[in-house]
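> sequence plus predicted model, see below.
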Amino acid sequence: MRTIGRTIGSSTALSLCVMAVFACCTAAWASDLKDFASDGCSLFPDGTMGDRAKWCECCLQHDITYWHGGTEQERKTADERLRACVFERTRDKALADTMYLGVRAGGHPVFPTWYRWGYGWKYGRGYGPLTEQEQQQVREKQDNYARKHPAGYCGERSGKKASKERKEP
């Protein structure tokens, strides 16, 4: 192949094509972040019969992290924070451990579910640090969610005002 006064080999040309396709695919992948959505504690109650949202906020914070995804260590940290939050609110170690084991088993990014790690991105992203462009998209989507849902999922369901402890998604 001849380019601007220089000849390059077919393997170099192929490498350049592969890099161009990869760059395009990466940019397209990054642009596919869906708006944040939460259902509270997916496939699990948000609280007790007496307090239906007792640990809902724990699940909302967990959903925020699962939505944008990231590395395998970030997932483990999110799951550990869920367990600690549920334990702090209930003092029920068995409940906190059950929820932890549930998200460890069912939240892996290989599962094509709405609650998997990185569920805001197209299926197949898996584990990996977010690029600066992806982080910017996360911030923009979080801001949009906070404007539309100032009380958050748990507050809207329970009719409570925005929680002071609630972090923005």
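Done, it's in.
> okay, the most centrally placed residue in the chain: pLDDT?
In the chain, the residue lying closest to the centroid (CA atoms, centre = their mean) is W67, at 2.1 Å. W67 carries a pLDDT value of 98.
> residues in contact with stretch 94-104?
Residues from elsewhere that reach stretch 94-104, judged by CB atoms under 8 Å, 6 or more residues apart in numbering: 41, 43-44, 55, 62, 79-80, 82-84, 86-87, 90. In short, each C-beta sits where N, CA and C put it, glycine included.
> quick check, nearest of those to Y119?
Of all the contacts of stretch 94-104, Y119 sits closest to H62, with 11.6 Å by CB to CB.
> what is the neighbour count of the spatially closest residue to that closest one that is not a sequence neighbour?
For H62, ignoring the flanking residues on the chain, the nearest one in space by CB to CB, 6 or more residues apart in numbering is L82 at 4.4 Å. Residues lying near L82 (other CB atoms under 10 Å) number 26.
> where does pLDDT dip in the chain?
1-31, 160-169 (pLDDT under 70).
> the helices in it, which residues?
Listed in chain order, the helices of the chain (DSSP state H) span residues 10-30, 56-68, 72-90, 93-106, 132-148, 152-158.
> pick the most buried one from the ones you listed.
Neighbour counts (mean count of other CB atoms under 10 Å) averaged over each of the helices of the chain peak at helix 56-68, with a mean of 24.
> per the record, what domains does this structure have?
What automatic domain parsing lists as the domains of the chain is 1-30, 35-158.
> picking that back up, any chance of CSV for the helices of the chain, columns distance to F36?
Formatted as CSV, the helices of the chain follow (distance: least, CB to CB, whole Å):
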stretch, distance to F36
helix 10-30, 16
helix 56-68, 5
helix 72-90, 15
helix 93-106, 18
helix 132-148, 5
helix 152-158, 10
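> which stretch among those comes nearest Y123?
Of those, nearest to Y123 by CB to CB is helix 10-30, at 11.0 Å.
> still on that earlier bit, which among the helices of the chain is found nearest to G120?
Closest to G120 of these, according to CB to CB: helix 56-68, at 4.2 Å.
> what's the angle between the closest one and helix 132-148?
Comparing the axes of helix 56-68 and helix 132-148 via axes from the mean of the first three to the mean of the last three CA atoms, to 10 degrees yields an angle of 140 degrees.
> packing partners of helix 56-68?
helix 72-90, helix 132-148, helix 152-158 (3 or more CB pairs under 8 Å, 6 or more residues apart in numbering; DSSP states H and E).
> next, the angle from the first one to helix 93-106.
Yep, that's helix 72-90 we're talking about. 160 degrees.
> what's next to helix 72-90, contact-wise?
With CB under 8 Å, 6+ apart, helix 72-90 has contacts from 54-55, 57-59, 61-62, 65-66, 69, 92-93, 95-97, 99-100, 103-104, 107, 117, 127.
> thank you kindly, that will do.
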